[in-house]
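Asker: Predicted model follows, preceded by the sequence.
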Amino acid sequence: MLKSSTKVLGLLVIAVAAVAVIVSLDGPSVSRAAGDSSVVGFVYSPKIIAAVEGSPEYAKARKTYEDFAQKLQKEYDSQAEGMDDQTKKAKLAELEQKLAAKQVELNKPFQDKIQKAIEEVAKSEGVSVVLSQRVEFEAFVPVRGKDEKIVGSQPAPVSLPIVVTGGKDLTDLVIKKLGVK
């Protein structure tokens, strides 16, 4: 399951990068970008994500993911007996897809909430372009015990460096807007 989750995680990172590296240009901002000076802001994504990961809502999502992974493991265990290797691999791939879809489903509300907070803070601060100093995200991956059964989950870090010089740091304002510590 780890290999499939890593692929989905890669796609998720791209999506998070798109969320974290926001270029929100509206009418007046476009004209400023074209000829006038634009205000560029940035956020330190790891700090924002760490704050969100400390929230009770995130803990609940993680528990939901772990419970779902356990359910899939039990489903696989109950069906794998008597299957040939090829059928087992196909069933495992199917369950990996379900796990990856659950991961995306559970992460989306947090991504949306962060995106909205960044956009609102940028607008209130008169910032037309927001970049991320470094896009990092931790996605859940299953943890297997000695018997290869899923026993929980752990975050897997993914990092995409973005070079930012100058600009206005919006990180703490975004965290405040999110209502997390």
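Answerer: Nice, I can see it. Numbers count the residues shown, from 1 in each chain.

Asker: so who does residue 174 touch?
Answerer: The contact partners of residue 174, by CB atoms under 8 Å, 6 or more residues apart in numbering, come to 43, 48, 114, 117-118, 121. C-beta coordinates here come from the backbone N, C-alpha and C atoms, glycine included.

Asker: Apply 6 Å and report the result again.
Answerer: Residue 174 makes contact with 43, 48, 117-118, 121 under the criterion CB atoms under 6 Å, 6 or more residues apart in numbering.

Asker: out of those residues, which are inside strands?
Answerer: residue 43 (DSSP state E).

Asker: mind putting the contacts of residue 174 in a markdown table, distance to residue 54 included?
Answerer: Compiled in a markdown table, the contacts of residue 174 are given as follows (distance: CB to CB, whole Å):
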| residue | distance to residue 54 |
| --- | --- |
| 43 | 17 |
| 48 | 11 |
| 117 | 15 |
| 118 | 18 |
| 121 | 19 |
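
Asker: from the contacts of residue 174, which single one is nearest residue 88?
Answerer: residue 48 (40.8 Å; CB to CB).

Asker: one step back: taking the contacts of residue 174, tell me the two that lie furthest apart.
Answerer: The widest separation within the contacts of residue 174, taken as CB to CB, falls between 48 and 121 and amounts to 10.6 Å.

Asker: can you give me the strands in the chain?
Answerer: Residue ranges of the strands in the chain, as given by DSSP E, are 40-43, 129-132, 134-144, 150-161, 168-169.

Asker: Figure out which of those strands is closest to residue 108.
Answerer: With distances scored as CB to CB, the stretch of the strands of the chain nearest to residue 108 is strand 134-144 (12.0 Å).

Asker: tell me the mean pLDDT for the closest one?
Answerer: Throughout strand 134-144, pLDDT has a mean value of 75.

Asker: Now rank the contacts of residue 174 by neighbours and give me the top one.
Answerer: Highest neighbour count within the contacts of residue 174, by other CB atoms under 10 Å: residue 43, with 30 neighbours.
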